[in-house]
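**Q** Turn this into a structure:
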Amino acid sequence: DEEEHDDHGDEDSEIVADEEEAFNFDPHSWLNPQAFKAQMNVVLDALVTAFPAGEDTFIVNAKAYSTQLDLLDADFDDVFGEGGSCTANKKIIANHNAYAYISQRYDIEILTVHGLDPEGEPSVEDIAEVVEQINEEGITVLYVEEYTDENAVASIVEETGVTVEILYTMELPPKDSDDDYLSLM
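**A** Here you go, the predicted model:
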């Protein structure tokens, strides 16, 4: 068996490195309304190509939705931009490293609690690090994903007094079927 695998050692290392590199970015670009708008335009082009008879309707709908995305972006700019209500401390704690695009767009620093997500549980070290950051920075809100078990954040809340709020990644369907991208954002 060893002889069969000896010739693949370097190749396997390259595959692992490629896999690690592939996960070294944030795929949640849709959380930035302007990036989402660009994605909408890609879909628009594909729809027009696939269904040319619907082009006028697709364009009208895309323009209307584009306006809504621009308004959402402007609302975020009003809050996080110069003179906005959230400019004193633009650092938040979130339970998922999914907000790089929104962080970059609105100049928000996001500290991530590792392991505190719908599929995991944080280590004692992760919790201690987050508690220390919350206390040092005077952070008052911990943002978690919609499906995160709030019992998992209980010790952080107990030690810091932070309020827990929902910050959507939109990776899973919303709990409320009336919600959509705009209402969740």
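
**Q** Please make it C-alpha for all contacts and neighbour counts, starting now.
**A** Will do.

**Q** just for this protein, where's the confidence low?
**A** 1-24, 114-120 (pLDDT under 70).

**Q** what about the helices in it?
**A** Counting by DSSP state H, the chain has these helices, from start to end: 2-6, 9-22, 33-50, 55-80, 100-106, 124-137, 154-160, 181-184.

**Q** deepest of those helices, which one?
**A** Burial of these is given as mean neighbour count (mean count of other Cα atoms under 10 Å); helix 100-106 ranks first at a mean of 18.

**Q** Return the distance of it from the chain's centre.
**A** Helix 100-106 sits 9 Å away from the centroid of its parent chain (Cα atoms, centre = their mean, to the nearest Å).

**Q** With stretch 37-55 instead?
**A** 25 Å.

**Q** And for the closest residue to residue 103 other than its chain neighbours, the neighbour number?
**A** Nearest residue to residue 103, sequence neighbours excluded (Cα to Cα, 6 or more residues apart in numbering): residue 109, at 6.2 Å. By other Cα atoms under 10 Å, the residues close to residue 109 number 16.

**Q** Can we start the residue count at 23 from this point?
**A** All right, first residue 23 from here; so that's residue 131.

**Q** List the beta-bridge partners for residue 131.
**A** With DSSP bridges as the criterion, residue 131 is bridged to residue 113.

**Q** Include distance to residue 169 when you put the helices of the chain into JSON lines, please.
**A** Formatted as JSON lines, the helices of the chain follow (distance: least, Cα to Cα, whole Å):
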{"stretch": "helix 24-28", "distance to residue 169": "42"}
{"stretch": "helix 31-44", "distance to residue 169": "25"}
{"stretch": "helix 55-72", "distance to residue 169": "22"}
{"stretch": "helix 77-102", "distance to residue 169": "24"}
{"stretch": "helix 122-128", "distance to residue 169": "20"}
{"stretch": "helix 146-159", "distance to residue 169": "19"}
{"stretch": "helix 176-182", "distance to residue 169": "15"}
{"stretch": "helix 203-206", "distance to residue 169": "14"}
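
**Q** Out of the ones you listed, which is closest to residue 196?
**A** Across the helices of the chain, residue 196 has its closest neighbour in helix 203-206 (8.5 Å, Cα to Cα).

**Q** what's the closest one packed up against?
**A** helix 77-102 (3 or more Cα pairs under 8 Å, 6 or more residues apart in numbering; DSSP states H and E).

**Q** how much distance is there from the helix it packs on to the middle of the chain?
**A** 20 Å.

**Q** ok, residue 181 touching residue 153?
**A** Yes - checked against Cα atoms under 8 Å, the pair residue 181 and residue 153 is within contact range at 7.0 Å.
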